[in-house]
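1. kindly return the folded structure for what I paste below:
(one chain, ligands or ions: 2)
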Amino acid sequence: MIGTDINTAINFLKQGELVAIPTETVYGLAANAFDENAVLKIYHVKNRPQFNPLIIHTNSIEKLKSWDLVLPEKMLLLAAKFSPGPLTFVIKKSNTIPDIVTAGTDAVAVRIPNHKLTLELLSKLDFPLAAPSANPSGFVSPTKASHVFEQLGEHIPYILDGGDCEVGVESTIISFLDETPTILRFGGLSLEAIELVIGKVNTIFSQQSTVDSRPLTVNQPIAPGMLSRHYATKHKLIFDFKETDFNQYHHDRIGMISYSKNYTSIPISNQMILSPERKLAEAARKLFSAMREIDEKDIDVIFAEKFPDLDLGRAINDRLKRASVESK
Ligand code: TXA
Ligand code: MG
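-> Numbering: from 1, shown residues only. Ligands and ions are numbered 1, 2, ... in the order given. Model prediction:
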């Protein structure tokens with residue numbers, strides 16, 4: 001069922017059921033993080049490997065403290081500026097947080113999402129919500145209630161409809177487990193914005209050579225979305241191409257995801273032009289919807305441009321690059 005009633009959502013959550021919730025980034029598949037059986041349902045419904053930990057969501061820093069979490073200084077600086085917002089903090093876990101949420105590791109990911117309906121919901125709960133993106137594991141994240149309904153509707157008693165997600169890519173994840181904070185996933189808050197507040201940070205990408213390898217340090221248990229194939233489309237997706245690559249295909253059977261360019265050799269109906277005025281935030285907001293829409297067309301292949309590698313462009317390139325990894 002899809003609806004906008006917070007009390008219905010609360011009742012299901014209190015009964016240990018799953019509810020899909022809107023956030024500014026993508027829709028989440030939420031359960032009471034303190035109810036292990038409820039959290040287990042998330043893994044089952046998503047078909048998610050149990051070694052992949054979940055983010056917990058709440059509406060205030062005070063609640064995080066009340067669950068015995070120790071919040072590092074730089075995290076608090078960022079939270080003061082960007083929470084609620086598209087930013088997730090990885091910090092040391094407390095005993096109050098069940099092991100199933102953190103996949104048995106001693107770190108927990110926490111986030112205060114910026115969505116009116118969900119903030120109101122969270123303010124009425126005395127437990128956090130464990131919530132991964134509300135898509136089957138490995139596929140494109142949902143940015144509309146209808147996306148959730150199409151893929152998981154029959155498994156979820158309630159989808160709280162908060163409209164289209166305004167940011168459109170998942171939160172940026174930053175770890176405070178090491179001395180220097182490390183970005184584990186590029187997302188809705190830019191590296192540039194973060195460094196303005198807390199100075200230089202590391203990125204996990206500078207420490208490893210391939211997109212799908214596991215993190216190198218023991219302190220970073222599982223890097224987000226590091227499973228090799230993620231954001232998978234049904235059609236093969238080719239990221240960062242040359243126009244001569246088109247010649248291997250019938251041009252009218254090519255789908256395109258571009259920033260602003262219209263490729264005249266490809267039918268316009270097969271082109272997803274994300275931001276004619278070249279605004280990265282607009283492109284990010286439209287990305288996942290466009291990936292879904294192009295995938296439904298009668299085509300043989302999807303080409304996706306490489307976006308400028310700065311600000312939200314980093315998150316967009318990360319998603320498209322993972323989508324282009326061929327399944328083994
Ligand atoms: O924007 C978002 O972050 C959305 C909305 C719903 O909040 N959530 C989301 O969850 O993207 P998910 O599960 O699809 O991606 C979270 C990523 C996972 O890839 C997981 O590996 C990582 O966060 N993660 C969770 N807990 C972690 C931890 N303790 N240490 C390191 N990475 C963690
Ligand atoms: Mg996800």
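2. what's near enough to touch the residue minimising distance to the centre of the chain?
-> Nearest to the mean C-alpha position of the chain, by C-alpha atoms, centre = their mean, lies Glu170 at 2.8 Å. Counting by C-beta atoms under 8 Å, 6 or more residues apart in numbering, Glu170 touches 25-26, 86, 133, 141, 185, 187-188, 315. To be clear about C-beta, it is placed using only N, CA and C from the backbone, and glycine gets the same treatment.
3. what ranges do the strands span in the stretch 1-150 of the chain?
-> Using DSSP state E, counting those that start in this stretch, the strands assigned to the stretch 1-150 of the chain run over residues 2-3, 19-21, 28-32, 55-57, 87-92, 107-111, 129-130.
4. what about these, which gets the closest to Ile10?
-> Closest approach to Ile10 among the strands of the stretch 1-150 of the chain (C-beta to C-beta): strand 19-21, 8.6 Å.
5. who does that closest one pair up with?
-> strand 28-32 (antiparallel), strand 158-160 (parallel) (DSSP bridges).
6. what lies in contact with the longest one?
-> Outside of strand 28-32, the residues that reach it under the criterion C-beta under 8 Å, 6+ apart are 13-14, 16-21, 38-39, 41-42, 45-46, 57, 113, 125, 127, 129-134, 148, 152, 156.
7. does that strand reach ligand 1?
-> Yes: using C-beta under 6 Å from any ligand atom, strand 28-32 reaches ligand 1 at Gly28.
8. now that strand against strand 107-111, angle please.
-> Interaxial angle of strand 28-32 relative to strand 107-111 (axes from the mean of the first three to the mean of the last three C-alpha atoms, to 10 degrees): 110 degrees.
9. kindly export strand 28-32 (C-alpha atoms) in PDB.
-> What follows is strand 28-32, C-alpha atoms only, in PDB (Å, rounded to 0.1, in the frame of the first residue of the first chain):
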ATOM      1  CA  GLY A  28      14.800   3.800   2.100                       C
ATOM      2  CA  LEU A  29      13.500   0.400   3.200                       C
ATOM      3  CA  ALA A  30      13.100   0.900   6.900                       C
ATOM      4  CA  ALA A  31      12.800  -1.200  10.000                       C
ATOM      5  CA  ASN A  32      13.200  -0.700  13.800                       C
END
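10. same list, the strands of the stretch 1-150 of the chain, but as a markdown table with mean pLDDT and mean neighbour count please.
-> Below are those laid out as a markdown table (pLDDT from 0 to 100; neighbours: other C-beta atoms under 10 Å):
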| stretch | mean pLDDT | mean neighbour count |
| --- | --- | --- |
| strand 2-3 | 98 | 13 |
| strand 19-21 | 98 | 26 |
| strand 28-32 | 98 | 29 |
| strand 55-57 | 98 | 26 |
| strand 87-92 | 98 | 23 |
| strand 107-111 | 98 | 24 |
| strand 129-130 | 98 | 28 |
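11. burial of Phe51, as a residue count?
-> When neighbours are counted by other C-beta atoms under 10 Å, Phe51 registers 11.
12. next: Asp5.
-> Using other C-beta under 10 Å, Asp5 has 13 other residues around it.
13. give me the phi and psi angles of it.
-> Torsion angles at Asp5 (phi, psi; degrees, to the nearest 10) stand at phi -90, psi 110.
14. ditto for Ala304
-> The phi/psi pair for Ala304 (degrees, to the nearest 10) reads phi -130, psi 130.
15. for it, name its beta-bridge partners.
-> Beta-bridge partners for Ala304, by DSSP bridges, are Phe239, Ile257.
16. residues in contact with it?
-> Residues near Ala304 by C-beta under 8 Å, 6+ apart: 237-241, 256-258, 320, 323-324.
17. in PyMOL, select just the buried ones from those residues.
-> The PyMOL selection below is limited to those of the contacts of Ala304 classed as buried (16 or more other C-beta atoms under 10 Å):
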select buried, resi 237+238+239+256+257+258+320+323+324
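18. spell out which parts of the protein neighbour ligand 1.
-> Residues of the chain lying close to ligand 1 (C-beta under 6 Å from any ligand atom) are 23, 25-26, 28, 52-55, 88, 90, 102, 105, 107-109, 111, 113, 131-133, 170-171, 173, 184, 221-222, 224-225.
19. just the buried residues of the longest helix belonging to the chain, please?
-> Longest helix in the chain by number of residues, with DSSP state H as the criterion: helix 280-295. Across helix 280-295, burial judged by 16+ other C-beta under 10 Å covers 280-292, 294-295.
20. from Thr96, how far off is the closest residue to Phe34 other than its chain neighbours?
-> Distances taken as C-beta to C-beta, 6 or more residues apart in numbering place Phe127 nearest to Phe34, at 4.6 Å, with adjacent residues excluded. Here the criterion is C-beta to C-beta, to the nearest Å. By it, Phe127 lies 10 Å from Thr96.
21. what touches both of the two?
-> Shared contacts of Phe127 and Thr96 (C-beta under 8 Å, 6+ apart): Phe34.
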